[in-house]
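Engineer: for reference, the sequence and a predicted model appear below.
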Amino acid sequence: MAFDEKTAARPVPGILPDRAQPHDPSVERAVLAAMLREPNPCVDVAIEHFRSPEVFYSHVHREIYQVILELHADPGMTVDIISVAHRLKTLGKLEAVGGEVFLAELDGSIATTVNIESWCQILQKYATLRKMIDVCSESLLKCYDPDADAGRLVEQIETDIYKVRGDQDKHSNVEVQDIIADEFRTLMKIYNGEIEVGIPTGFAQLDSYTGGLKPGEMFVLAARPSIGKTSLALNLIRNLVLPTRSPHPRKVAFFSLEMTAAQIARRLLCTEAGLSESVFWNKSFLDSDLTKMTNAVSTFQKAKLFIDDTGGLTIAELRAKARRLKMKEGIECVVIDYLQLMHSDGRADSRQQEVAEISSGIKTLAKDLNIPVLVLAQLNREVDKTAGAGARPKLAHLRESGTIEQDADIVTFLHRNRDDAKEISSADQSVDAEWIIEKNRNGRTGVLKLLFFPTKMEFIPAAPYKEEDCPQ
């Protein structure tokens with residue numbers, strides 16, 4: 001096809017540069033008038049709603065708003081028409097905003113300030129719509145770039161849109177004296193059991209060390225291959241999602257890069273029923289076991305567990321999927337199995353750099369969604385070669401990247417002697433295991449003793465333990 005200069009010069013559909021963006025001048029004037037008429041509390045109300053003067057569409061209104069904020073922040077000044085006019089004149093902007101006549105008209109534009117809250121909400125709505133227009137217009141232009149990478153472009157557009165949504169809920173920096181009393185009350189509520197510091201894992205001893213799975217935190221569970229990290233993660237997930245195991249069942253998203261959703265479902269069912277999958281293969285399934293399985297099926301019918309078994313998941317895909325589940329289903333925790341099977345969004349110079357990007361992306365996801373992310377990780381096989389199968393893992397053994405240690409709030413290791421399980425044949429037989437808390441940014445480190453039942457893939461706290469230490 002020959003190049004058509006006229007066709008190429010056509011404006012991009014959907015972008016309307018000559019059309020005014022959403023705004024309402026009368027509401028903008030009403031908010032400014034309320035701030036002038038009753039600075040206390042109207043200025044504070046506006047500050048709480050608006051993060052910047054950009055919420056005003058008119059540059060004149062932005063200038064006046066900025067001056068009002070400056071005067072309000074000065075303890076030696078008061079906010080009124082005279083002081084605002086004086087400050088604008090000093091700045092050489094009084095005539096540009098319409099002079100004292102405009103300020104006087106502004107003050108007389110409302111009869112009462114009682115609706116300041118609703119006016120602020122209207123302006124915030126219009127500001128959000130304008131941001132969306134800017135984001136979508138810019139995104140549309142980027143889509144016409146023939147050299148654009150489609151996958152990365154979709155991720156960038158989704159990130160920009162999510163940021164617009166998130167900006168509505170973010171708070172500005174605050175001084176400690178403004179929040180210290182509230183935080184003291186929060187701590188007392190935690191102490192009195194009125195609120196929880198984190199999501200209980202069902203392992204009471206672990207919760208006493210970590211406070212549970214806390215919002216915004218990255219919790220790493222690492223182990224050598226075939227030690228049982230997936231089984232322990234699934235045990236923890238059962239404690240979160242099943243109403244029989246938690247008074248407040250949670251909604252969990254499980255991203256399984258190693259096993260299929262069907263395999264995960266079978267593992268969960270058999271563990272809940274206390275059976276080995278092998279009883280179906282070797283035809284040793286008993287009629288009496290049927291009740292256990294049907295009860296397990298019934299229990300999971302009530303669970304809110306979302307399994308995604310996409311192989312080779314990228315950090316961009318993870319963010320996109322998790323965000324949608326957060327918005328659509330209200331998930332309260334994300335579990336990833338496992339980190340080293342993921343890929344970064346672009347071409348990294350080395351695998352170590354790629355894993356570092358993935359680790360950083362997971363931590364950012366936890367903060368953005370304000371939910372805990374439990375991520376499983378593989379340990380370097382060097383721990384076996386240099387110290388033997390019985391050696392306890394260390395932070396240096398985290399495979400391919402030390403940045404996992406830096407990004408994570410909590411790093412734990414699952415440790416046991418792999419050979420101990422080879423002779424186990426009964427569902428009642430167990431082997432010793434340890435859950436090592438090696439790093440805990442906001443709490444203690446230590447070692448939790450566990451018992452592992454290989455046939456049913458279940459971990460429970462080892463004796464001596466209290467009854468409440470065992471998930472029921």
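Structural biologist: Perfect, I can see it now. Since we're looking at a predicted model, the values are computed, not measured.
Engineer: need the contact list for Asp308.
Structural biologist: Ala253, Phe254, Phe255, Ser256, Ala261, Lys321 (Cβ atoms under 8 Å, 6 or more residues apart in numbering). C-beta here means a position set from N, CA and C on the backbone, and glycine is covered the same way.
Engineer: looking at those residues, which are in strands?
Structural biologist: Using DSSP state E, the members of the contacts of Asp308 that fall in strands are Ala253, Phe254, Phe255, Ser256.
Engineer: measure the residue of the chain positioned farthest from its centre to Asp368 for me?
Structural biologist: No residue in the chain sits farther from the centre than Val101, which is 50.0 Å out by Cα atoms, centre = their mean. Distance check for Val101 against Asp368: by Cβ to Cβ, to the nearest Å, it reads 47 Å.
Engineer: tally of neighbours for Pro372?
Structural biologist: 25 (other Cβ atoms under 10 Å).
Engineer: show me the strands in the stretch 351-472 of the chain, by range?
Structural biologist: 373-378, 410-415, 431-440, 446-453, 458-461 (DSSP state E, counting those that start in this stretch).
Engineer: now render the contacts of Asp308 as TSV, adding distance to Val220 and neighbour count.
Structural biologist: Conversion of the contacts of Asp308 to TSV gives the following (distance: Cβ to Cβ, whole Å; neighbours: other Cβ atoms under 10 Å):
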residue	distance to Val220	neighbour count
Ala253	17	25
Phe254	16	24
Phe255	15	23
Ser256	17	24
Ala261	23	14
Lys321	20	17
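Engineer: determine which two of the residues you listed are furthest apart.
Structural biologist: The span of the contacts of Asp308, defined through Cβ to Cβ, is set by Ala261 and Lys321 at 13.6 Å.
Engineer: phi, psi of the nearest residue to Ile410 once chain neighbours are set aside?
Structural biologist: What sits nearest to Ile410 in space, not counting adjacent residues and going by Cβ to Cβ, 6 or more residues apart in numbering, is Phe219, at 4.7 Å. Taking degrees, to the nearest 10, you get phi -110, psi 120 for the backbone angles of Phe219.
Engineer: for Phe219, which residues are in contact?
Structural biologist: Contacts of Phe219 by Cβ under 8 Å, 6+ apart are Thr210, Leu213, Pro372, Val373, Leu374, Val375, Ala408, Asp409, Ile410, Thr412.
Engineer: so can I have JSON lines of those residues showing pLDDT?
Structural biologist: Shown next, in JSON lines, are the contacts of Phe219 (pLDDT from 0 to 100):
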{"residue": "Thr210", "pLDDT": "88"}
{"residue": "Leu213", "pLDDT": "90"}
{"residue": "Pro372", "pLDDT": "93"}
{"residue": "Val373", "pLDDT": "93"}
{"residue": "Leu374", "pLDDT": "93"}
{"residue": "Val375", "pLDDT": "93"}
{"residue": "Ala408", "pLDDT": "86"}
{"residue": "Asp409", "pLDDT": "89"}
{"residue": "Ile410", "pLDDT": "90"}
{"residue": "Thr412", "pLDDT": "91"}
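Engineer: want to throw those residues into JSON lines with distance to Trp119?
Structural biologist: Shown next, in JSON lines, are these (distance: Cβ to Cβ, whole Å):
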{"residue": "Thr210", "distance to Trp119": "45"}
{"residue": "Leu213", "distance to Trp119": "40"}
{"residue": "Pro372", "distance to Trp119": "38"}
{"residue": "Val373", "distance to Trp119": "39"}
{"residue": "Leu374", "distance to Trp119": "44"}
{"residue": "Val375", "distance to Trp119": "45"}
{"residue": "Ala408", "distance to Trp119": "45"}
{"residue": "Asp409", "distance to Trp119": "41"}
{"residue": "Ile410", "distance to Trp119": "45"}
{"residue": "Thr412", "distance to Trp119": "50"}
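Engineer: distance from the helix or strand harbouring Met327 to the middle of the chain?
Structural biologist: Assigned by DSSP states H and E, Met327 belongs to helix 315-329. With Cα atoms, centre = their mean, to the nearest Å as the basis, helix 315-329 stands 9 Å off its chain's centre.
Engineer: per-residue confidence averaged over that helix?
Structural biologist: Averaged over helix 315-329, pLDDT sits at 82.
Engineer: can you check stretch 33-44 too?
Structural biologist: Stretch 33-44 carries an average pLDDT of 85.
Engineer: any idea how far apart the tips of it sit?
Structural biologist: Terminal residues of stretch 33-44 lie 14 Å apart, using Cα to Cα, to the nearest Å.
Engineer: may I see the buried residues of stretch 125-138?
Structural biologist: Judged by neighbour count using 16 or more other Cβ atoms under 10 Å, the buried positions of stretch 125-138 are Tyr126, Ala127, Thr128, Arg130, Lys131, Met132, Ile133, Val135, Cys136.
Engineer: appreciated, that's everything.
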